[in-house]
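In: everything below, folded, please.
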Amino acid sequence: MKHFGTHFDNATPWLGGGSRRSVAKGLGRRAPKTSKIIAEVGFTYLAALSDFVSILVAAAAAHVIYGFASFGYFPRAESVIQVGCVVGAIVALINAQRGEYDIKQYASMEGHIGRCLSVWHIAFFCVLALDFLSKATFSRGATGVLYVFGFLALGGVRVALVWLVGAAKRWELLPPRRLVLVGLESELASFVGRYNLAQSGMEIVAASVIRDIEDYISDDLALASATVRVLRPDDVFIAIPWSRARLIERCVDAFLRTPAEIHLGPEEILDRFGEAEVFKLGPISSLNVTRRPLTTIQMIEKRLFDIVAASLALIALSPFFALVALLIKLDSSGPALFLQRRYGFNQEPFRIYKFRTMKTMEDTAALRSATRDDPRVTRIGYFLRRFSIDELPQLINVLTGEMSLVGPRPHALVHDQLYERRIAQYARRHNVKPGITGWAQVRGFRGEIADDEKMRKRVEHDLYYIDNWSFWLDLKIIALTAFSAKSHFGAY
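Out: Residues are numbered from 1 along each chain as shown. Purely as a prediction, here's the structure:
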């Protein structure tokens, strides 16, 4: 067995000079277990206490600020201490149960805002229930202020803790997570080349090649197991193709006697799925590579927002709709509204509402997308398309449940059928309801589809939205749609 760190030869060029030095250094020392345990446990309590205190302060601030704004004096905050304590405890307990305070969660800000919003909604509903049942003096106005202040406080704590963990890693105050790699040489090289482990707070302290020759495997595993026992790493990664089930079983058996977490090295396909996890369904164990885009609670949350916002928008815009319809009728012959078939959630067809912007109303297999200076576009139609006003009647589709305010933009059926064959995972766009606006649109990927690459970029943004949905992201997209010039780029 070649044992990287004890000697080097031409078979180990993929480690590189810098990595060789760090591996050799790792072989001569054990992990600083005591300081690591203190850091992880201390951080857990710090994160939980930070959430609790931030909500308590937010509740008091909401009460005091609202009281001063309404009555001109600073009221006493004692009446909300109980509310803040209860809500802070609810948030801390939910986050603790979800593993939210594990230091590994704070390597980056990715996903924190969405998770904060989810737990805050639960806690906020508890505030309303507590206020109703106890007949507390916490006013409705102060409750509304608390909704904003509490979420901002939780988000602010997340930003501060992520920065704190990053700073601690840069200043080497936190020991890195120590890894031992074991596997076939080609797989070890691929593993090291695919991941920037140092940036994620990890360090390879040793790597052992298992020779793919039956006579040598037992000896190689025995030496690798002894190395793990001496170094006491946090994790052992077995870099062997999953198709080699028997060899993987022998590796796992060899390391079960060592005090380290054992991982099967990730197959390259898993890099496409950021939330892959082992899932237990009764007696069945499986690798779950994708999940439902939205949980039941999230679907209800999104649907309620769609109904309220679409209803208010239709009421407010009804005079404007009447004016636009009149201008369309005066500009050219034909109806003011245009209906076209599109695929929606679960690839179920529906008819989408639009203001008519063309002299023709195509809805056939020969349908052509609008192009720059398209002669089919009417004079008023050019203006409507330029500012996406022609899409506003889709608020009706939102109310009927066929669309959402935010989601992947639905394409004509002929385009869906075409690009499903050309672009991988294109059909995943139908895992959520289509939207009037979407992440791809506000990032400038809209308008004419000149080639497959432009559609591929649009699909990448749609899939990012599906995999990273949060109520906060929906609000951000709506704001960018209204105020960002990029969201209207390519509209003609």
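In: so how far is H415 from K359?
Out: From K359 over to H415 the distance is 21 Å, taken as CB to CB, to the nearest Å. Backbone N, C-alpha and C define where each C-beta goes, glycine included.
In: oh, I was asking about R443
Out: 19 Å.
In: one more: R409?
Out: Going from R409 to H415 by CB to CB gives 11 Å.
In: show me which of these two is the more surrounded one.
Out: Neighbours were counted for R409 and for H415 using other CB atoms under 10 Å; R409 has more, 21 against 16.
In: for the chain, name the helix or strand with the lowest mean pLDDT.
Out: Using mean pLDDT, DSSP states H and E, helix 16-27 stands out as the lowest-scoring helix or strand of the chain, at a mean of 37.
In: could you give the separation of the helix or strand following it from the chain centroid?
Out: Sequence order places helix 33-71 as the next helix or strand after helix 16-27, per DSSP states H and E. How far helix 33-71 lies from its chain's middle: 24 Å, per CA atoms, centre = their mean, to the nearest Å.
In: and helix 33-71, what does it pack onto?
Out: Packing contacts for helix 33-71, counted by 3 or more CB pairs under 8 Å, 6 or more residues apart in numbering; DSSP states H and E, involve helix 81-97, helix 140-170.
In: let's test this: mean pLDDT of that helix, rounded?
Out: Across helix 33-71, the average pLDDT comes to 82.
In: how about stretch 325-335?
Out: pLDDT averaged over stretch 325-335 gives 88.
In: list the buried residues in that stretch.
Out: Within stretch 325-335, the residues scored as buried using 16 or more other CB atoms under 10 Å are 325, 327-328, 331.
In: the residue lying closest to A89 once chain neighbours are set aside: how many residues sit nearby?
Out: Once flanking residues are discounted, A89 sits nearest to F52: 6.8 Å by CB to CB, 6 or more residues apart in numbering. When neighbours are defined as other CB under 10 Å, F52 has 21 of them.
In: and if you look at V86?
Out: 18.
In: I'd like the distance between it and Y66.
Out: 19 Å.
In: what do you get for I90?
Out: For I90 relative to Y66 (CB to CB), the value is 22 Å.
In: ok, now G42?
Out: G42 is 36 Å from Y66, by CB to CB.
In: neighbour count: these two, which is higher?
Out: Just comparing G42 and Y66: by other CB under 10 Å the higher neighbour count belongs to Y66, 21 against 11.
In: my read: that one touches V145, true?
Out: Yes - Y66 lies in contact with V145 (CB atoms under 8 Å); the separation is 4.9 Å.
In: all strands of this structure, in order?
Out: With strands called from DSSP state E, the chain shows them at 3-4, 177-183, 202-209, 235-239, 261-264, 277-281, 284-288, 337-343, 349-355, 404-406, 435-437.
In: lowest average pLDDT across these?
Out: Taking the mean pLDDT of those, strand 3-4 comes last: a mean of 45.
In: list the contacts for F321?
Out: Applying CB atoms under 8 Å, 6 or more residues apart in numbering, we find F321 in contact with 392-393.
In: pLDDT score assigned to it?
Out: 93.
In: do the same with L15
Out: In this model, L15 is scored at 50, pLDDT.
In: can you check D373 too?
Out: Model confidence at D373, given as pLDDT, is 59.
In: and for Y216, the neighbour number?
Out: 12.
In: quick check: the gap between it and L223.
Out: Taking CB to CB, one finds Y216 at 10 Å from L223.
In: in stretch 115-132, what counts as buried?
Out: Those would be 115-121, 123-124, 126-127, 130-131, for stretch 115-132 by 16+ other CB under 10 Å.
In: equivalent analysis for stretch 394-405, please.
Out: Quick answer for stretch 394-405 (16+ other CB under 10 Å): 394-395, 397-398, 402-405.
In: what's the answer for stretch 164-173, then?
Out: 164-166, 168-169.
In: what's the answer for stretch 97-112, then?
Out: 100-101, 103, 105-106, 112.
In: what does stretch 199-213 give?
Out: Quick answer for stretch 199-213 (16+ other CB under 10 Å): 201-210.
In: from E453, how far off is the closest residue to P434 other than its chain neighbours?
Out: Using CB to CB, 6+ apart and skipping residues adjacent in sequence, the residue nearest P434 is P410, 3.8 Å away. Applying CB to CB, the value for P410 to E453 is 21 Å.
In: now V289
Out: Separation of V289 from E453 (CB to CB): 26 Å.
In: next: N468.
Out: Counting by CB to CB, the gap from N468 to E453 is 23 Å.
In: how about W171?
Out: 43 Å.
In: also Y419?
Out: The spacing between Y419 and E453, counted by CB to CB, is 12 Å.
In: stretch 162-172: how far from the chain's middle?
Out: That offset, for stretch 162-172, works out to 23 Å (CA atoms, centre = their mean).
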